[in-house]
Structures are given as C-alpha cells and as structure tokens.
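Colleague: sequence first, then the predicted structure:
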Amino acid sequence: MKIVPDRQFEEMAHADGRRVVCGIDEVGRGPLAGPVVTAAVVLPDGYSLPGLTDSKKLTAHKREQLYEQLMEDSSVLKAIGAASVEEIDRLNILRATHLAMARAAQNLPQQPDFCLIDGLPVPGFPFPSRSIVKGDAKCLSIAAASVLAKVHRDRLMRELHALFPQYGWNHNAGYGTREHLLAIQTYGITPHHRRSFAPVAQTMLPLEF
C-alpha cells in the first residue's frame, strides 16, 4: 500500500495541547561538499497541497513547483537552517545536522511548541520533539520541510557551481559521483569541500617515499 504523508502526527500533538507544531527535515548529510541544510515548517489547520510528499519521490520540476507554492503561501510558517562545512568538519556530520535542525526551528517567525523531526531522536534538542523514522513519507509538515530544504540546497550548490564549474555541483549537488571524484583528483579541493570526509581527506595526505 502506498504511504501518503498526512497530518496525523500534527493532530496528535495538537490533542496534547501543543499549539504551534512544526515539521523538520534535512538534506545534505552525505555530500563531499557544501553545507547541510534543514527546514522547519508549520502548516495551518486543514492545509493540503496536492502532490506534496517526500522530496526524494519527486522530480526536480515538481519540487520546484511545490517549493514556490509553499514559499508564496503566507499561512505557512517556514524557516531554513544550515551548518557550514567548517562546522561539519569540527563537530562531525551528525552533530552539525542536529545544530542545523535547531537553527531552523529557532528561525521560525513563531516559536514552536513541538517539533516533529525526520529520523532518529535528537538529544538535547531545544524544543519538545518527537522523531519519526521516514517521517518525510508519513508526516505532511516534514514532507513540506523536505521540499524546502532540498530545493534551497540545490539552488545554493548551483550558485557554487558557477564559481567552481569543474566539479559538476549543478547536477551532483556535491555528492561523490565519479565525475566529482575525478575532479577532486585533477583540481584538488575547494573551501567548500568537507575535509573530514574520507575521499576529500585522502587528497590531503602527504606522499610517502
């Protein structure tokens, strides 16, 4: 049976007295370059948007359409968070992702009472929260957050591509594709590469004679 994201998790939180309930998702944990980006979204009661689901299940064109619809709707509260390459290298990718998630929630125009977070539990999160494995496929506000985070990061990587076109970030978004790995071998690394990630770290090892 096909799973379609709905509002059951938001409604359970509202039933517990939570008023402002946001969904949070991240994108960019795996790439060799670029920040990890998160989004937090609060959907109004009764909200629906045809076709809204986990961003990974959507075409790039459909994601862009949904992104614009979400961004243009003033009844939808939304915010972006991020953790830089420097923070990823210093903290590790998991802690940097948690930091970016907290930033997204804190950046909302209205402080959330409760956060629904895609994935595993986030220790020490600054707001009351519930983690939902594969939440972007089950929870509508998390699905919305997944679309905003994905499109925002893809656009950012296309901007960086204009500065460093040899790595193909306009279509690989910084992931370790064959093209990207060959470019690292040929041209070295940029300030936007994650030095703590193995394929990048290997390029910085001194030669042994």
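Modeller: Now that the structure is in, tell me what you want to look at.
Colleague: now the helices for this protein?
Modeller: Shown for the chain, the helices assigned by DSSP state H span residues 8-15, 60-72, 85-91, 93-106, 140-163, 169-172, 178-187, 198-203.
Colleague: the last one - contacts with which helices or strands?
Modeller: Using 3 or more CB pairs under 8 Å, 6 or more residues apart in numbering; DSSP states H and E as the contact definition, the elements that helix 198-203 packs against are helix 178-187. Backbone N, C-alpha and C define where each C-beta goes, glycine included.
Colleague: the nearest residue to Ser75 once chain neighbours are set aside and Gln106: what is the separation?
Modeller: Of all residues not flanking Ser75 in the chain, Pro44 sits nearest, at 4.5 Å (CB to CB, 6 or more residues apart in numbering). Separation of Pro44 from Gln106 (CB to CB, to the nearest Å): 21 Å.
Colleague: who's more crowded, these two?
Modeller: Ranked by neighbour count (other CB atoms under 10 Å), Pro44 and Gln106 place Gln106 first, with 14 against 10.
Colleague: who's in contact with the residue lying closest to the more buried one once chain neighbours are set aside?
Modeller: Closest residue to Gln106 apart from its sequence neighbours, by CB to CB, 6+ apart: Pro126 at 7.0 Å. When contacts are counted by CB atoms under 8 Å, 6 or more residues apart in numbering, Pro126 touches 102, 105-106.
Colleague: dihedrals phi and psi, Pro126?
Modeller: When read as degrees, to the nearest 10, the backbone of Pro126 gives phi -70, psi 0.
Colleague: returning to that earlier point: got the contacts of Pro126 as CSV, with pLDDT columns?
Modeller: Below are those laid out as CSV (pLDDT from 0 to 100):
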residue, pLDDT
Ala102, 98
Ala105, 98
Gln106, 98
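Colleague: quick one: which of the residues you listed is nearest Phe114?
Modeller: Of all those, Ala105 has the smallest distance to Phe114: 10.1 Å, by CB to CB.
Colleague: give me the below-cutoff pLDDT ranges for this structure.
Modeller: Scanning the chain for pLDDT under 70 picks out 1-2, 204-209.
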